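Q: build me a model from this:
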Amino acid sequence: MVDWLLLVAGTSLGIISLLADLIGLGGFPGFGWKQALGVAVSLVLVGVSTVRIYRRERQEAPEPRGSPEPRP
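A: Presented below is the predicted three-dimensional model:
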């Protein structure tokens, strides 16, 4: 559950950072260091949470059964 929250938070932070100038949060016109930091942090959050979700899903997946016996 925490991993999914990190994924949503990272995605939200990235979108807000990229659109900061358009929505009126930018300090000055152009792409500033705060926006770059926000995008970098969001990429880390999204990457870490994606890996954790993927690994957990792979561990919880049932083992595939062997192929059925061939018919004579």
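
Q: burial measure for residue 20, as a count.
A: 18 (other CB atoms under 10 Å). Heads up, the C-betas are built off the backbone N, CA and C, glycines and all.

Q: separation between it and residue 10?
A: Distance check for residue 20 against residue 10: by CB to CB, to the nearest Å, it reads 16 Å.

Q: one more: residue 26?
A: 20 Å.

Q: neighbour count for the two, which is higher?
A: residue 10 (20 against 16).

Q: so the more buried one sits right up against residue 39, yeah?
A: No. Proximity of residue 10 to residue 39 does not meet the contact threshold set by CB atoms under 8 Å, at 10.2 Å.

Q: point out where the protein drops to low pLDDT.
A: Along the chain, segments meeting pLDDT under 70 span 61, 63-64, 66-72.

Q: would you mind listing the buried residues in the longest helix anywhere in it?
A: The residue-count maximum for a helix in the chain (DSSP state H) belongs to helix 33-60. Using 16 or more other CB atoms under 10 Å as the burial criterion, the residues of helix 33-60 that qualify are 35, 38, 39, 42, 45, 46, 49.

Q: so which of these comes closest to residue 3?
A: Taking CB to CB as the measure, residue 49 is the one of the buried residues of helix 33-60 closest to residue 3, at 4.7 Å.

Q: for the closest one, give its distance to residue 27.
A: Plainly put, residue 49 is 28 Å away from residue 27 if you go by CB to CB.

Q: next: residue 39.
A: With CB to CB as the criterion, residue 39 and residue 27 are 15 Å apart.
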